[in-house]
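Trainee: Need a 3D model of the following:
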Amino acid sequence: MTERYFTLYDRFGGGISEGMPVEATLEELAEALFCTTRNAKLILRRLEEEGLIDWIPGRGRGNRSRIAFKTDKEIFLLSLIQSWAEKGDYKQAFEWLQLFGEGTLAKPKFLEWLNGQFGYRKEEARDGISTSDILRFPIYSPITTFDPAQVRFCADAHLLRQIYDRLLRFDEAAGKIVPSIAHHWTSNAEASEWTFYLRKGVHFHNGHELTARDVAFTLERLRGDTNNRWLLRGVERIEALGPRVIQLHLKQPNRIFDRYMCSSAASILPANLGGMEETDFWRLPIGTGPFRIVSQSSHCIELAAHTAYHEGRPYLDGVDMITMPEECLQSAINIPEVLHHEFVENHPLGNHNGDWQTLKQLSNGCTMLTWNLRRPGAQQSEAFRRAVRMILNTGDLVSELGGDRVLSAFGFHPEASQSRSVEPFRLDRVKTVLRESNYDGSVIRFTAHEKFEEDARWIVERLEQWSIKVDLKIISWEDKPGCGSPHRDEDLMIVGFVLAEDEVCEIEVYEHGDSPFRAYLDDELLNWINGRIDDALSADTETGRRQHLKGIEEHLSDEASVIFLHHKEFRTYLHPSIRGVHLNTLGWVDFKDIWLEKLS
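Mentor: Next up is the predicted model:
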């Protein structure tokens, strides 16, 4: 009925004073509603019963029927979409704003109201005593999984770190591995046998104490048919030697296996998922982390502090993560009291006061193009791939698109790229290489997620200047086959990687079940890469490991199987009352140590 009210208002009520009747025949109303006159009468009766209109049928010859709209469209629409937003249904709110907001001030008024819903707030008890500190903030990429065995994306990995723990944790500030669930760990001289000793008093969110049985279950599950089984690729046997001792036997040495156990993918679950069915467990998953999930939907994830957390209770009492539609990202919404890097580039710094905290951090990772070498086509020619790399001058890309793109990439790691400069564009050289490639004008099928759309369109424009035909397909989260899997019928894809765990994440780039490399590279090359990774894991020193991994990266780059584009900068802006904040390697603010200093 509400939708029909707006439809009739737009057709007959525009520009009239509220409640003033206008002439409209039953046939005209039925046409506007795409229904019969009989159904139109029923709809009018319902609208009258709900107090939205007055319908005055024409009586006798020459007397036309009239309709009066009793509720102002803008006020009614604003009230409706605010009520949906308060329930967490932001998607529907913005859809209706798009459908019926034209010609009104509903959109700017809604965005102004919406801005006040986010940030840090103290909720007061009736006696005036502060009872809870809540952080509420918007995100624009939906959380795709709560399952550590399947996790891939940064937002997912960050959330997993809030609700689960790992055996060990990498302390970014100290640059070393520190205890977490395990208070101590050892390995034999060959790094093929690892033993972890679990601390007492680690409790899951349901109150059950964690034991070696939970760890064994989690790791056995992880090395099953999961996207992150690569973490345990070399594991031969997992043994619980007692209630608080777990031992893993490896087929070959892995001298950074303790760093593997710091990964979000190695987060510990309760044995047998706490006796729950998979579908039930993932609705409200249970971990031992500093926050527990209270509720979750496609619109909102609500976290509450785990008061019995073994590393100390969080200062915040709760965190609400609100999934916002793209329409809001593209709107001129003011900066809320906490602003994450995912959407900062659309909001100039001038929108907030100069005393706000600004956190910036160069992302340890890059954005890159990957060719599908399992498909026939122009990309099978190394000369063609090299020509494309020269045409796509990354210095121009960074300077022309700007935003959070701050450095041309020559590999995964920004520190290596900082010591290099982009070569000047050589027109004759590009012509020669493109001619050597024997490019026949065939179409390149190019897929890009919508968050890379600006980069993708820049790339298409550059290639078409050289008569390279490109069919660009922009996909959303809903379009992806699974958790980010590459499409097998495409020739080229743009992807971004964040190496939050340094060496471990670099290995993950090649071995993750959803990695484009696994889908795009031939089996012989994949086997060679696995061999180099095993050599790296066996190396006694970080320098030795770096040489093996660098060899893989250089091989793929030299053959232009991948084209490195740029490195990004994480940016977060925070209200001056917020304390305990730093950006982690995922580019997110950790929730556990945040606290709110109430300013007068």
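
Trainee: isn't Asp471 right next to Arg445, touching?
Mentor: Yes: between Asp471 and Arg445 a contact is recorded at 5.2 Å, counting by Cβ atoms under 8 Å. Using the backbone N, CA and C atoms, a C-beta is placed for each residue, glycine as well.

Trainee: So between those two, which is more surrounded?
Mentor: Arg445 (19 against 13; other Cβ atoms under 10 Å).

Trainee: In which helix or strand does that one reside?
Mentor: strand 444-449 (DSSP states H and E).

Trainee: so what does that strand touch, helix or strand wise?
Mentor: Counting contacts by 3 or more Cβ pairs under 8 Å, 6 or more residues apart in numbering; DSSP states H and E, strand 444-449 packs against helix 453-464, strand 470-475, strand 492-498.

Trainee: Direction included, what does the shortest one pair against?
Mentor: Each strand pairing with strand 470-475, determined using DSSP bridges, is listed with its direction: strand 444-449 (parallel).

Trainee: buried stuff in the helix or strand containing Glu3?
Mentor: Element membership for Glu3 (DSSP H and E) is helix 2-8. Under the neighbour-count criterion of 16 or more other Cβ atoms under 10 Å, helix 2-8 has Arg4, Tyr5, Phe6, Thr7, Leu8 buried.

Trainee: Relative to His249, which of the residues you listed is nearest.
Mentor: Phe6 (66.4 Å; Cβ to Cβ).

Trainee: measure the closest one to Leu114 for me?
Mentor: Note on Phe6: its distance to Leu114, by Cβ to Cβ, to the nearest Å, is 20 Å.

Trainee: Can you pull the poorly scored residue ranges out of this protein?
Mentor: 14-19, 60-62, 119-130, 325-359, 477-488, 501, 571-590, 593-600 (pLDDT under 70).

Trainee: residues near Pro179, how many?
Mentor: Neighbour tally, Pro179, other Cβ under 10 Å: 16.

Trainee: hang on, the earlier thing: could you single out the nearest of the buried residues of helix 2-8 to Val202?
Mentor: Phe6 (54.4 Å).

Trainee: Which residue, other than its chain neighbours, is closest to the closest one?
Mentor: Phe100 (4.4 Å; Cβ to Cβ, 6 or more residues apart in numbering).

Trainee: give the contact list for that neighbour.
Mentor: Phe6, Asp10, Lys73, Leu77, Ala106 (Cβ atoms under 8 Å, 6 or more residues apart in numbering).

Trainee: cool, and Gln296?
Mentor: Counted by Cβ under 8 Å, 6+ apart, Gln296 has contacts Ile143, Phe146, Arg283, Leu284, Glu302.

Trainee: still on that earlier bit, the strand holding Arg445 to helix 453-464, inter-axis angle?
Mentor: 170 degrees (axes from the mean of the first three to the mean of the last three Cα atoms, to 10 degrees).

Trainee: Now do strand 444-449: everything it contacts.
Mentor: Residues from elsewhere that reach strand 444-449 (Cβ under 8 Å, 6+ apart): 377-379, 455-456, 459-460, 463, 468-477, 480, 486-487, 489-494.

Trainee: quick one, phi/psi of Ser399?
Mentor: Phi and psi for Ser399, reported as degrees, to the nearest 10, are phi -70, psi -30.

Trainee: now it: how far from His566?
Mentor: 10 Å.

Trainee: So which of those two has more stuff around it?
Mentor: His566 (23 against 12).

Trainee: Any chance you could list residues touching both of Asp471 and Arg445?
Mentor: In contact with both Asp471 and Arg445: no residue, using Cβ under 8 Å, 6+ apart.

Trainee: one step back: can you tell me which of the buried residues of helix 2-8 is nearest Gly441?
Mentor: Thr7 (48.6 Å).

Trainee: Return the residues in contact with that closest one.
Mentor: Per Cβ under 8 Å, 6+ apart, neighbours of Thr7: Ala32, Leu33.
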